[in-house]
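Student: Mind looking at a prediction? Sequence and model below.
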Amino acid sequence: MKYNFLPNTDVKVSKICLGTMTFGQQNSEAEGHAQMDYAFEKGVNFFDTAEMYSIPSREETYGSTERIIGTWFKKTGKREEIVLASKIAGPNPNFGYMRDQLDFSPASIKYALDNSLQRLQTDYLDVYQLHWPERKNNCFGQRGFKVQEDGWEDNIHQVLETLDGFVKEGKIKHVGLSNETPWGIMRFLEESKYHNLPRIKTVQNPYSLLNRLFEVGSSEVCMRENVGLLAYSPLAFGVLSGKFLTGESHPNARLSLFPQYSRYSSEQCTQATILYNEIAKKNGLTLTELSLVFLEQQAFVTSTIIGATTLEQLKENIATINVSLSEEIIAEINKVQAIIPDPAP
């Protein structure tokens with residue numbers, strides 16, 4: 001395994017992070033434990049989860065992923081050897097079963113954090129992230145910012161003050177953002193800089209060969225401000241594994257089970273995937289290797305969050321850490337990006 005430091009800390013995290021959002025729905029507790037066992041054995045010391053997991057979030061399975069991670073910690077005693085990240089959900093009218101108020105008020109953060117800690121059977125989180133902003137910033141599956149009335153009043157100072165209290169209590173070590181824009185990242189950094197409040201260490205955003213929008217604005221912010229990207233959906237819901245190009249049926253695939261997640265299913269995404277697959281084959285690589293290693297080699301990526309529903313997928317994903325892409329291959333990738341730029345918003 002290879003490691004990076006969590007920005008502005010002495011905490012080493014594996015360049016591959018285990019994503020866990022299938023635990024409790026697509027994966028049973030036993031399967032989740034097997035994935036964590038294997039990942040840990042291969043040097044993965046970074047696990048990411050969220051209060052709303054498993055996905056798709058439903059009242060019946062709410063918190064199931066954190067509970068499965070918690071029973072693994074209890075069984076193995078490896079909590080101190082894992083860098084653990086979780087998230088508090090933001091506003092969504094469909095998720096009222098989570099909390100009375102889906103916001104980042106002091107009461108909501110305390111409620112969400114304490115319940116996550118209880119489910120995870122731990123006293124602290126290494127990284128606590130705001131899963132998406134309270135303001136409407138078109139963060140899921142939309143391209144660009146659209147002006148709209150959302151009634152949001154800037155409460156970023158209060159949010160950081162609240163998180164600071166939990167840092168001082170020892171319940172949180174570091175804080176991060178997710179699904180954020182360059183403005184949002186800089187706004188949090190500005191508030192922490194001028195008021196001696198916790199500094200954002202990471203931002204967790206989608207980033208893949210089918211969605212390189214993070215490179216427009218946010219990558220410069222991360223490089224110049226030393227904030228690490230935790231790249232999620234690196235295989236675009238499995239599209240960039242190439243399995244949907246074979247013509248075979250995949251009834252247990254996430255896109256088959258949950259067709260509402262169509263972000264990476266457009267004709268343009270398919271065309272781009274075919275071209276990336278040709279590059280991979282020509283260079284003796286799998287499409288999975290090409291897709292994940294491209295991210296792993298980006299300077300602004302601290303860790304790439306991989307998710308799998310089978311151990312075979314997990315093994316293939318983790319093994320990509322030993323693969324590298326030449327400048328010539330990167331140039332071929334960039335030619336496709338120029339022809340079909342960011343087909344998934």
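Tutor: Arrived safely, thanks for sending. Numbers count the residues shown, from 1 in each chain.
Student: Run through the residues that contact L245.
Tutor: Residues counted as contacts of L245 (Cβ atoms under 8 Å, 6 or more residues apart in numbering) are 270, 273-274, 277. C-betas here are computed from N, CA, C, even on glycine.
Student: of the residues you listed, buried ones?
Tutor: Neighbour-count burial (16 or more other Cβ atoms under 10 Å) is assigned, among the contacts of L245, to 270, 273, 277.
Student: Surely A231 is within a strand?
Tutor: Yes: with DSSP: H, G, I helix; E, B strand; the rest coil as the criterion, A231 is part of a strand.
Student: Grab the nearest non-local neighbour of it.
Tutor: Take A231 and drop its neighbours on the chain: the residue closest to it by Cβ to Cβ, 6 or more residues apart in numbering is Y207, 3.9 Å away.
Student: I'd like the contacts of L245 laid out as a markdown table, including secondary structure and pLDDT.
Tutor: Shown next, in a markdown table, are these (DSSP: H, G, I helix; E, B strand; the rest coil; pLDDT from 0 to 100):
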| residue | secondary structure | pLDDT |
| --- | --- | --- |
| T270 | helix | 95 |
| T273 | helix | 97 |
| I274 | helix | 97 |
| N277 | helix | 98 |
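Student: Could you provide those residues in TSV, with additional columns for distance to I16?
Tutor: Below are the contacts of L245 laid out as TSV (distance: Cβ to Cβ, whole Å):
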residue	distance to I16
T270	27
T273	22
I274	26
N277	22
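Student: The residue nearest to A231: neighbouring residues, count only.
Tutor: Using other Cβ atoms under 10 Å, Y207 is surrounded by 26 other residues.
Student: so it touches L229, yeah?
Tutor: Yes: between Y207 and L229 there is a contact at 6.4 Å, judged by Cβ atoms under 8 Å.
Student: shared neighbours of those two, anything?
Tutor: 214, 301.
Student: got the CA coordinates for stretch 161-170 in PDB?
Tutor: C-alpha atoms of stretch 161-170 as PDB (Å, rounded to 0.1, in the frame of the first residue of the first chain):
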ATOM      1  CA  GLU A 161     -17.600  26.900  16.400                       C
ATOM      2  CA  THR A 162     -19.800  23.900  17.100                       C
ATOM      3  CA  LEU A 163     -17.300  21.500  15.500                       C
ATOM      4  CA  ASP A 164     -14.500  23.200  17.400                       C
ATOM      5  CA  GLY A 165     -16.400  22.300  20.600                       C
ATOM      6  CA  PHE A 166     -16.400  18.600  19.700                       C
ATOM      7  CA  VAL A 167     -12.700  18.800  18.700                       C
ATOM      8  CA  LYS A 168     -11.900  20.100  22.200                       C
ATOM      9  CA  GLU A 169     -14.100  17.400  23.700                       C
ATOM     10  CA  GLY A 170     -12.100  14.800  21.800                       C
END
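Student: that older thread, what distance do you get for the residue nearest to A231 to I305?
Tutor: 10 Å (Cβ to Cβ, to the nearest Å).
Student: hey, what's in contact with both of the two?
Tutor: Joint contacts of Y207 and I305 (Cβ under 8 Å, 6+ apart) are 231-232, 234.
Student: In the protein, where is pLDDT below threshold?
Tutor: Residues of the chain meeting the criterion pLDDT under 70: 138, 248-249, 253-256.
Student: so is the residue lying closest to A299 once chain neighbours are set aside in a helix, a strand, or just coil?
Tutor: Leaving aside its sequence neighbours, A299 sits nearest to M223 (Cβ to Cβ, 6+ apart; 6.7 Å). Put simply, M223 is helix when judged by three-state DSSP.
Student: correct me, but M223 touches F300?
Tutor: Yes: using Cβ under 8 Å, M223 is in contact with F300, at 5.2 Å.
Student: Thank you, goodbye.
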